[in-house]
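**Q** Got a predicted structure here, sequence first:
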Amino acid sequence: MAGGWAPDGAVQDQIDDTVKDAVLGARARMPAGEGSEYCEDCGERIPERRRLALPGTRTCVSCQTARDAVIVRGGINRRGSKDSQLR
């Protein structure tokens, strides 16, 4: 139910693309490769259960929580408003 020159379903396509980008971004931030036995930030030993649950982890829970609190969001603004594109 798009208006103007937009084809039918254009709004849903934008929503789907935004969700897809968010999922791909989250997957890209997941740890990969060989994990570490000790935290890269504080040097404390990472519990074995955490290393088994998240292969590739390199930080303890408290340091990862601090890292997650400062994630910078970026991306493409798909909204059509000129005001939002100027920000």
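**A** All right, it came through fine.

**Q** Let me know the secondary structure of R50.
**A** Assigned with DSSP: H, G, I helix; E, B strand; the rest coil, R50 falls in the helix class.

**Q** Thought T59 was touching it, still the case?
**A** No. Assessed by Cβ atoms under 8 Å, R50 is found out of contact with T59, at 9.3 Å. (Glycine included, C-beta is placed from N, CA and C.)

**Q** secondary structure element for D21?
**A** helix 10-29 (DSSP states H and E).

**Q** Alpha carbons only: can I get that helix in CSV?
**A** The C-alpha coordinates for helix 10-29 follow below in CSV (Å, rounded to 0.1, in the frame of the first residue of the first chain):
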residue,chain,number,x,y,z
ALA,A,10,7.9,-1.0,-0.9
VAL,A,11,7.4,-0.2,2.8
GLN,A,12,7.5,-3.9,3.8
ASP,A,13,10.7,-4.3,1.6
GLN,A,14,12.3,-1.5,3.6
ILE,A,15,11.3,-3.1,6.9
ASP,A,16,12.6,-6.5,5.7
ASP,A,17,15.9,-5.0,4.6
THR,A,18,16.4,-3.2,8.0
VAL,A,19,15.8,-6.4,9.9
LYS,A,20,18.1,-8.3,7.6
ASP,A,21,20.9,-5.7,8.1
ALA,A,22,20.4,-5.9,11.9
VAL,A,23,20.7,-9.7,11.9
LEU,A,24,23.8,-9.7,9.7
GLY,A,25,25.4,-7.0,11.9
ALA,A,26,24.7,-9.1,15.0
ARG,A,27,26.2,-12.2,13.4
ALA,A,28,29.3,-10.2,12.4
ARG,A,29,29.8,-9.2,16.0
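
**Q** Good, wrapping up.
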